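1. Mind folding the following:
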Amino acid sequence: MWAMAGNADKAFGYLGQATKADYDDVAHLRADSDLISLHTDRRWQPLIAGLDTKVAQAEAHVNQALKKQLAEIRLADQGIRLKIDSVEKKSGMDAAMAPALVQEMQAVDTRNLAQLVTIIDKYGWPGRSLVGKAGATTAFLVVQHSDADTQRKYLPLLREAAAKGELEKSALALLEDRVLMGQGKPQIYGSQLTANMDTKKYQFYAIEDEAHVDERRAAMGLEPLADYAKRFGLDYQPKK
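-> Reported below is the predicted structural model:
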C-alpha cells in the first residue's frame, strides 16, 4: 500500500520488518505489480539479492530442478491473476471477467496442473523438504486453482503435508474452504469470497459458526477476518 502511495521509505521499512519475520517469497516480490515503483530505488536490488542468498542457503538441500520448475509455474499462475486484477482496478469487475481473460486463465491453470500431476506421480506431494517453501506453496496454488474434482482428490495429500510441516496450515485452510464451497456447504475459515454482479462488490461466501471463525483462523495461522476483509475493501464486523 505504501509503495502504491508513493512512500518508498515506509514501503521499505515494512518490507524490512517482513523479511526479519522470515518472509522470503522472492518470486512474489518480483512479480507483484504493486511494488513496481520500488524497482528503481537503490534499496530494491540489495533487498532482493539478500533474500535470494537467504533462500539459497536455507534450501540448498532441495531438488533445484523441481524448485525452478515450480517457480516458473508460480510466475504463470500469478501473472494472469495480476493481469486480471489490474484490469479490474482500471475498468471494473465486468471487464475483469471478460471471456477472453477467463479463457486465458483457464488455459494457464490447465498447463500448470498437467505439470504438477507429473511431479506428484513421480515424487509424491512436493513439500518444503523437496522443493522449498515457495515451491510447496506453488503446488498448493495449482490445486487451489484447479477444478473441484482435482481439489477433492488432492485434499488428503495437503492435509498430510500440513500435518508434517511440509505445507503452511494457512494454505490448507484455503483449500478446505474452497472444497466446501464447491460442495455447496458453508466454509469454516472465511477465506472465500464471491463476486456480487449486482453490487459489483465482493462478499464472503457463507461461513459456518461465524461467531467463532477467528478462533479457527488463528489455529491455522490466519489473521482475523476483519483484517482479511480490508484487503478486498470490505468493512467486516465480527459476529457476536
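2. Pro238: how many residues sit nearby?
-> By the criterion of other Cβ atoms under 10 Å, Pro238 has 12 neighbours. C-betas here are computed from N, CA, C, even on glycine.
3. quick one: it from Lys185, how far?
-> Distance of Pro238 to Lys185, computed by Cβ to Cβ, to the nearest Å: 22 Å.
4. before we move on, what about Arg159?
-> Distance, Arg159 to Lys185, by Cβ to Cβ: 17 Å.
5. now swap in Lys90 and tell me
-> In terms of Cβ to Cβ, Lys90 sits 35 Å off from Lys185.
6. Neighbour count: these two, which is higher?
-> Lys185 (13 against 9).
7. Can you give me the domain boundaries for this protein?
-> 8-58, 64-167, 186-240 (automatic domain parsing).
8. so how far is the first residue of the second one from its last?
-> End-to-end span of domain 64-167 (Cα to Cα, to the nearest Å): 18 Å.
9. next one: the last one
-> Chord length of domain 186-240, first to last residue, is 18 Å (Cα to Cα).
10. The first one too?
-> Taking Cα to Cα, the first and last residues of domain 8-58 lie 28 Å apart.
11. quick one, helices of the chain?
-> Using DSSP state H, the helices of the chain run over 8-20, 26-31, 44-58, 64-91, 93-96, 99-123, 128-144, 148-163, 169-182, 213-219, 225-230.
12. nearest to Thr194, of the ones you listed?
-> Among the helices of the chain, the nearest to Thr194 by Cβ to Cβ is helix 169-182 (8.3 Å).
13. buried set for that closest one?
-> For helix 169-182, the neighbour count (16 or more other Cβ atoms under 10 Å) marks 170-181 as buried.
14. same thing with stretch 116-129?
-> Across stretch 116-129, burial judged by 16+ other Cβ under 10 Å covers 116-117, 119, 125-128.
15. now do stretch 208-221
-> Those would be 210, 213-214, 216-217, 220, for stretch 208-221 by 16+ other Cβ under 10 Å.
16. got the CA positions of that stretch in PDB?
-> Extracted as PDB, the C-alpha positions of stretch 208-221 are listed here (Å, rounded to 0.1, in the frame of the first residue of the first chain):
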ATOM      1  CA  GLU A 208     -20.300 -21.900   9.400                       C
ATOM      2  CA  ASP A 209     -20.500 -20.800  13.100                       C
ATOM      3  CA  GLU A 210     -19.300 -17.300  12.100                       C
ATOM      4  CA  ALA A 211     -19.100 -16.100  15.700                       C
ATOM      5  CA  HIS A 212     -16.000 -18.400  16.300                       C
ATOM      6  CA  VAL A 213     -14.400 -18.100  12.900                       C
ATOM      7  CA  ASP A 214     -11.500 -16.100  14.200                       C
ATOM      8  CA  GLU A 215     -10.600 -18.800  16.700                       C
ATOM      9  CA  ARG A 216     -10.400 -21.300  13.800                       C
ATOM     10  CA  ARG A 217      -8.400 -18.900  11.700                       C
ATOM     11  CA  ALA A 218      -5.900 -18.300  14.400                       C
ATOM     12  CA  ALA A 219      -5.300 -22.100  14.800                       C
ATOM     13  CA  MET A 220      -4.400 -22.200  11.100                       C
ATOM     14  CA  GLY A 221      -2.100 -19.200  11.200                       C
END
